[in-house]
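In: Any chance you can model this:
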Amino acid sequence: MGKIIAIASQKGGVGKTTTAINLSACLAVKGRKILVIDSDPQASLTFGLGIRKNGEKIKGLYELYAGKATLQEVLSQPIENLYVIPSRIDLFMAELEIFETEQREKRLKFLLESFKDEFDYIFIDCPPSFSFLTLCALVASESVIIPVQCEQFALEALRIFIKLLWRIKGSFNEALELEGILLTMFSKHINLSRTIAEDIKRVFRSKIFETYIPRNIALSEASMNGIPAIFYAPDAYGTIAYSELAQEIISRHSPS
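Out: Numbers count the residues shown, from 1 in each chain. You can find the predicted model right below:
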C-alpha cells in the first residue's frame with residue numbers, strides 16, 4: 001500500500017519543490033514506483049521535471065479536480081518508475097470551483113483513494129502558503145515533510161506551521177503525522193546555519209531527518225534544465241544528500 005506524503009511549508013524559497021523533485025527521482029532510481037503531484041499553480045515542479053516546455057498546454061491536476069480527465073489522461077512519466085500529475089496556472093480556478101462542493105477539503109483524498117495502491121509513495125508538492133489547495137493536500141496525506149531553510153526566524157516559523165498541522169489533524173485528518181523536518185540549504189561553514197540547525201534539532205529532536213540538504217548550485221541548475229539532479233549532476237553534494245534522504249525514507253518504512 002502506498003504512503004501519501006505532503007511536502008509543505010508556509011514559506012517560499014525553502015527547497016520544497018527541489019525536495020519533491022529530487023527525493024521522488026532518487027526513490028524511483030532505487031526501484032520504487034513513485035507518483036508526485038504538483039499542487040502549486042506556479043507549476044515549478046512541472047517545469048523542473050521537464051514536462052511542460054515552450055508554453056504548451058497540458059492536462060493536469062486541475063482537470064482531475066474538475067472531473068474533466070482521468071488519471072491516465074493527466075499522467076506524465078519523465079523517467080522510469082516516476083509518474084507526475086502536472087500543474088499549470090489554471091489550478092487557481094480549482095480553489096474557487098471546489099469550494100462550492102460538499103466535503104470540499106476531502107476532494108483530493110477521494111481522488112487518490114482509487115489508485116493509491118499502485119504506487120509505493122505519493123508525494124504532493126504544496127503551494128508556498130497556506131491555501132485551500134494546501135488544506136486539500138494535507139487532508140489527503142498520511143504524513144508531512146517540512147523543509148526548513150537554515151536561516152534567521154526559521155525556528156519560530158516552524159513552530160507556527162506545526163501548530164497549524166495539529167489543528168488540521170484535530171479538525172480534518174486525525175491520521176496526519178509529521179514525517180520529518182528536513183533542514184535545507186545548510187552550510188557547515190556559516191555560523192548562523194549551524195546555530196539554526198542545532199536549535200531546531202534541540203527543540204524537535206527525533207523529528208529531524210538525519211540527512212541535511214546542503215547549499216548546492218547543481219540542484220538549481222538541474223531544475224532550470226528540467227532534469228532531476230541525479231541525472232544532471234550525480235556526484236554533486238546536493239544529489240548525494242537527496243539519495244541519502246531517499247534511503248532514510250526507505251529504511252523508516254521497511255518492515256523491521
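In: Could you pull up phi and psi at Lys11?
Out: phi -100, psi 150 (degrees, to the nearest 10).
In: That one is in contact with Ala157, isn't it?
Out: Yes - the criterion here is CB atoms under 8 Å, and Lys11 meets it with Ala157 at 5.9 Å. No exception for glycine: its C-beta is placed from N, CA and C like everyone else's.
In: How are the strands of this protein distributed by residue range?
Out: 3-7, 34-38, 76-79, 82-85, 121-125, 143-149, 177-184 (DSSP state E).
In: The fourth one packs against which elements?
Out: Other helices and strands packing on strand 82-85, by 3 or more CB pairs under 8 Å, 6 or more residues apart in numbering; DSSP states H and E, are helix 16-29, strand 34-38, strand 76-79.
In: Just tell me which of these ends up closest to Ala175.
Out: strand 34-38 (18.2 Å; CB to CB).
In: Spit out the contact partners of Val139.
Out: 105-106, 108-109, 168, 172-173, 176 (CB atoms under 8 Å, 6 or more residues apart in numbering).
In: For Gly60, which of the helices and strands packed on strand 82-85 is the nearest?
Out: strand 34-38 (7.0 Å).
In: how many neighbours does the closest residue to Leu111 other than its chain neighbours have?
Out: The spatial neighbour of Leu111 that comes closest, neighbours along the chain excluded (CB to CB, 6 or more residues apart in numbering), is Leu64 at 6.0 Å. Neighbourhood size, Leu64 [other CB atoms under 10 Å]: 22.
In: who's in contact with the worst-scoring helix or strand of the chain on mean pLDDT?
Out: Counting by mean pLDDT, DSSP states H and E, the chain has its least confident helix or strand at helix 91-98, which shows a mean of 74. Residues from elsewhere that reach helix 91-98 (CB under 8 Å, 6+ apart): 39-41, 43, 60-62, 65-66, 104, 107, 131-133, 136.
In: Any quick ChimeraX command for the buried ones out of those residues?
Out: Only the buried entries of the contacts of helix 91-98 go into this ChimeraX selection, using 16 or more other CB atoms under 10 Å:
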select :39,40,41,43,60,61,62,65,104,107,131,132,133,136
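In: Closest one to Pro86 out of the contacts of helix 91-98, please.
Out: For the contacts of helix 91-98, the nearest to Pro86 is Gly60 (4.0 Å; CB to CB).
In: residue contacts, the closest one?
Out: Applying CB under 8 Å, 6+ apart, the residues near Gly60 are 38, 46, 74, 85-88, 91.
In: now those residues as a markdown table including distance to Ile213 and neighbour count?
Out: Written out in a markdown table, the entries for the contacts of Gly60 read as follows (distance: CB to CB, whole Å; neighbours: other CB atoms under 10 Å):
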| residue | distance to Ile213 | neighbour count |
| --- | --- | --- |
| Asp38 | 20 | 32 |
| Thr46 | 21 | 28 |
| Val74 | 29 | 21 |
| Ile85 | 24 | 25 |
| Pro86 | 24 | 24 |
| Ser87 | 23 | 29 |
| Arg88 | 27 | 22 |
| Leu91 | 26 | 23 |
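In: Show the pLDDT at the residue of the chain most remote from its centre.
Out: In the chain, counting by CA atoms, centre = their mean, Asn191 sits farthest out from the average C-alpha position, at 28.1 Å. Note for Asn191: predicted pLDDT of 83.
In: How far does stretch 136-155 sit from its chain's centre?
Out: 9 Å (CA atoms, centre = their mean, to the nearest Å).
In: and it, average pLDDT?
Out: Stretch 136-155 comes out at a mean pLDDT of 91.
In: Quick check: end-to-end length of that stretch?
Out: End-to-end distance for stretch 136-155, by CA to CA, to the nearest Å: 25 Å.
In: Please spell out which residues along it are buried.
Out: 136-142, 144-151, 154.
In: Same question for stretch 105-122.
Out: Those would be 105-109, 111-112, 115-116, 119-122, for stretch 105-122 by 16+ other CB under 10 Å.
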